[in-house]
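**Q** Could you work out the structure for the sequence below:
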Amino acid sequence: MATIPPSSASNMPVPGGPGGVPPPGAPPGAPSSAGRDESYFTESRKGEVNELRMLLRTFATERDKQRKRDIMKKVIAYMTLGIDVSRLFTEMMLAIETRDLVIKKMVYLFLCNYAETHPDLAQMCTNTLVKDCGNEDPMVRGLALRSLCSLRLPQMIEYTSEPLRRSLQDGHAYVRKTGVMGILKMYHLNKEEFDKASFNDILYDMLRDPDSSVVTNCILVLNEIMADSGGMALNRAVMLHLLNRIHEFSEFGILSVLDLVPRYIPANDDEGFQIMNLLDPVLRTANAGAVVATIRAFLSIADAVGKRPGDDRDDDSPTVDDLKRQVVVRIKAPLVTLLASGSSELTYVLLKYVDQLIDLCPGIFDDEYRVFYVRYHDQTHIKHSKVRILAKLANPDNAPDIVAELSELVANVDEMMGRIAVQSMASIAMHDSGGQGAVESIARRLVEMLDLQGVPHISSEAATALASLVRRHPSIVSVVSAPLPRALKYISEPAGKASVIFLLGECGESIVEAPYVLEKVIDSYDAIADAGVKTALLGATVKLFFHRPPEVKTMLGKLLKKATEDVSSQDLHDRALFYYRLLRSSPDPNIAKSIVTSKSMNMSTNHFAEEDDSELRAALMDEFNTLCTIYRCKAENFIEEENIVKFVKVPKEHPLPREAPVTPIADPGVNTVTNHMGGLAVADAPQPSVAAVPFTVSAEVDLLGFGDDVSAMSVPTPAPVGPASLQSLSLKSEVILTGEDYQRKWSSVPDGEAVVISALPMTNGPTSTDGVEEPLKVFNVFTMASGELPNEYKFFLYGQEEDAYGGGFFLVQAVVSKAPFTLSLTIKPSGGDANLTKRNEKIDQLVELIKSALGEYFP
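**A** Reported below is the predicted structural model:
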């Protein structure tokens, strides 16, 4: 704790003087250094705490609200600096009786800060806090309840339970959601009292609360309270209730609901597909967290409803892999869009998720390979991730472009970037993904890199890559062999040197000077420090011995003698003994030759056994949308076992059999969801009611609403457009269009292409142009000009589609007749979708959108 530095009495600040606080009797508005923010956290001098005590004692008579706040700020500043101001507790208690919420909040902060270290003092404020929990102002009630629960004293439980219970039935949502969080604090303070109060059941009942923020807090609290059992209990009723209300939640609340979906097992396939179609609008938002959470939900549902080997389903039922590929196809566009528009930190995380999805479903992102080209302004870690991903996107069509791009990156000033670029080129050849001739072409590029004497790390990395390629494709030996003898002279890195020596052993039969090059290395054996180089030298020499015995015999004996006496590496020592005993005891030299020169190392797959990480990738998919993807390791590797949250899928048994029809889930529409998610909304008003009809799944299973089958989910009643149909129309919330541009676009569309809707009957009409302009603005339909005539109102309106859906403009001339009230529209589309059918559908949706916005004027 900080101490107050000693100072003489002459240095004590005078009330109203420099560095001091305002004098009690100063008139309102008098200058005060305490009102300046920079003075609050200056070092305290002796006597200032006592001076604050004097000011607090006159607090009740002070009439200047700002100066009262300044005094409180000074107390809080001292407390923040670590100065013990607990002796002001009594005076602060008296100051709590105020209508100023700012002062009251600071007093509550003071009380909570000293409650744990001064429990006796904290008990003095109990009655005041309990009293404030019944204040007529909901903000005061909420602040008092939060402070009461934040005291965290076991002896306060008896005073906390009743205000908590009352707050859960409060008429104001702020008090209720504060009460829900108070329950969590009570749980951590005294679990026995918590169980006695049966708050668990109350929290489940509050999932039906009309305020979405309260429901969000209930989900969070239940998940933490029931963490030992895998989180809050879920059943079909709870899950469908939350999904039907997802459009009401805030951004944070939607994420809370989405995190529950992977734990829920759909009752049957139809319900799973309905949930996926309901969550599909979230993919169109600008919130990356929501998009990734939705991806995890989709993959989980696909895993639950897809056909597995041994299932007694129809042959045309989609398998788990088929459904997952459909999911990845659907989420490709949103992910690519987010990659191009996010911050560097967000982009890096999204690249990790894309890398994981490419491993799950190879080939889907191949056509977007240019998105992963390195840009000059990219951060280093993003560049590295992009280069690694590029290798996985190579196919016969794009491999030449990708290899050329990687070749440019080899000479990058970033050493690690150059290494990764070489590794990526080798990976393309290893996986045979570049098509015919790609392996030899890449091998030649790598051979050229062996001669880059001025860039030692590239030469070394190229040698390592060529060693792997020769193991995978022995046919390229003739391409690789020529430069090896001279490469060994200037490659200095141990890994690269070991790779060149290995290649000399593999290609030594066709390299005339191979034995003599190795002999020089053997002569300098004592100067070799790296065990890997020694091991490679031993293996290459023994292998070369069986191809050219007369030249290698002497130096092999010398090498075996040194290696068997070498105690720096147990592996090297054991290998040397093995070769020595094999050569000495083998009755037939051909037997030893078959063992040493065996081609068992040749690969029959596209990866080495030591590089097989299929189990890890499967485990990471189970923990998608967690830090496991970023760290590329399981949770137990970086989280203590007792802190790992269990993942339990529920319910184990459904009330419906697998074949039973499922009542469709009403889709709230993309526009309402995207409005809450910070995206671009078309509508945030309640949607028309939807009649439930049986949901059918075609043989191909239209997973996410690409065809017509899903449209059978809901039929609007009455005829106006339903929620699902609004998903194809999304208007920008910000559009820049001048009057001249409007006139030019309007004139460029022939009158014959305009859609005219005449005399739509209205029950009543607006009293001014604002009565039309303001409701339409909420729906992103803007006004260029408007006016009132004796018999009608006239408006020139416009809206623009999202770029992802065409980016076209809709120009509208609207006329509201006064006697009788009718609405006439003339709509001209400019740009956008060239498909006439789709364009007409969007115009119909725009008409219904306008009618929905002006709903108070229509029957």
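**Q** Grab the longest helix from the chain for me.
**A** When the chain is parsed with DSSP state H, its longest helix is helix 320-341.
**Q** Pull the distance from that helix to the chain's centre.
**A** Centroid separation for helix 320-341 versus its chain: 14 Å, with CA atoms, centre = their mean, to the nearest Å.
**Q** Now it - C-alpha only, CSV.
**A** What follows is helix 320-341, C-alpha atoms only, in CSV (Å, rounded to 0.1, in the frame of the first residue of the first chain):
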residue,chain,number,x,y,z
VAL,A,320,-21.9,-36.8,-42.5
ASP,A,321,-19.1,-35.9,-45.0
ASP,A,322,-21.6,-34.7,-47.6
LEU,A,323,-23.4,-32.4,-45.2
LYS,A,324,-20.1,-31.0,-43.9
ARG,A,325,-19.0,-30.2,-47.5
GLN,A,326,-22.3,-28.4,-48.0
VAL,A,327,-21.7,-26.4,-44.8
VAL,A,328,-18.2,-25.4,-45.9
VAL,A,329,-19.5,-24.4,-49.3
ARG,A,330,-22.1,-22.2,-47.7
ILE,A,331,-19.8,-20.5,-45.3
LYS,A,332,-16.9,-19.9,-47.8
ALA,A,333,-18.2,-16.6,-49.0
PRO,A,334,-18.8,-15.0,-45.5
LEU,A,335,-15.4,-16.1,-44.3
VAL,A,336,-13.6,-14.8,-47.4
THR,A,337,-15.5,-11.5,-47.0
LEU,A,338,-14.5,-11.2,-43.3
LEU,A,339,-10.9,-12.0,-44.2
ALA,A,340,-10.7,-9.0,-46.4
SER,A,341,-12.4,-6.5,-44.0
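**Q** what does that helix rub up against?
**A** Helix 320-341 is contacted by residues 280, 283-284, 286, 288, 291, 294-295, 298-299, 302-303, 305-308, 318, 346-347, 350-351, 353-354, 357, 360-361, 364-365, 368, 371, 701, 703-704, 804 when judged by CB atoms under 8 Å, 6 or more residues apart in numbering. C-beta here means a position set from N, CA and C on the backbone, and glycine is covered the same way.
**Q** Next, the buried residues of it.
**A** Neighbour-count burial for helix 320-341 flags 320, 322-328, 330-332, 334-339 (criterion: 16 or more other CB atoms under 10 Å).
**Q** who does the very next helix or strand once past it touch, helix- and strand-wise?
**A** Using DSSP states H and E, the helix or strand that follows helix 320-341 in sequence is helix 344-360. Judged by 3 or more CB pairs under 8 Å, 6 or more residues apart in numbering; DSSP states H and E, helix 344-360 is in contact with helix 288-305, helix 320-341, helix 380-392, helix 614-622, helix 627-631.
**Q** Output helix 344-360 as PDB - backbone C-alpha positions only.
**A** Extracted C-alpha coordinates of helix 344-360, given in PDB (Å, rounded to 0.1, in the frame of the first residue of the first chain):
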ATOM      1  CA  SER A 344      -4.900  -7.900 -38.500                       C
ATOM      2  CA  GLU A 345      -5.700  -9.800 -35.300                       C
ATOM      3  CA  LEU A 346      -9.100 -10.900 -36.500                       C
ATOM      4  CA  THR A 347      -7.700 -11.900 -39.900                       C
ATOM      5  CA  TYR A 348      -5.100 -14.100 -38.300                       C
ATOM      6  CA  VAL A 349      -7.700 -15.900 -36.200                       C
ATOM      7  CA  LEU A 350     -10.000 -16.400 -39.300                       C
ATOM      8  CA  LEU A 351      -7.000 -17.700 -41.300                       C
ATOM      9  CA  LYS A 352      -6.600 -20.400 -38.600                       C
ATOM     10  CA  TYR A 353     -10.200 -21.400 -38.900                       C
ATOM     11  CA  VAL A 354     -10.000 -21.400 -42.700                       C
ATOM     12  CA  ASP A 355      -6.900 -23.600 -42.500                       C
ATOM     13  CA  GLN A 356      -8.800 -26.100 -40.300                       C
ATOM     14  CA  LEU A 357     -11.800 -26.100 -42.700                       C
ATOM     15  CA  ILE A 358      -9.500 -26.700 -45.700                       C
ATOM     16  CA  ASP A 359      -8.200 -29.800 -43.900                       C
ATOM     17  CA  LEU A 360     -11.800 -30.900 -43.200                       C
END
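**Q** what about that helix, distance to the chain center?
**A** In terms of CA atoms, centre = their mean, the centre of helix 344-360 is found 9 Å from the chain centre.
**Q** Which parts of the chain are strands?
**A** Assigned by DSSP state E, the strands in the chain fall at 690-692, 714-716, 755-761, 782-788, 792-800, 809-818, 821-830.
**Q** Let me know the angle separating the third one from strand 809-818.
**A** Computed with axes from the mean of the first three to the mean of the last three CA atoms, to 10 degrees, the direction of strand 755-761 lies at 30 degrees from that of strand 809-818.
**Q** Just the residues contacting strand 755-761, thanks.
**A** Residues outside strand 755-761 that contact it (CB under 8 Å, 6+ apart) are 817, 820-828, 840, 843, 847, 851, 858-859.
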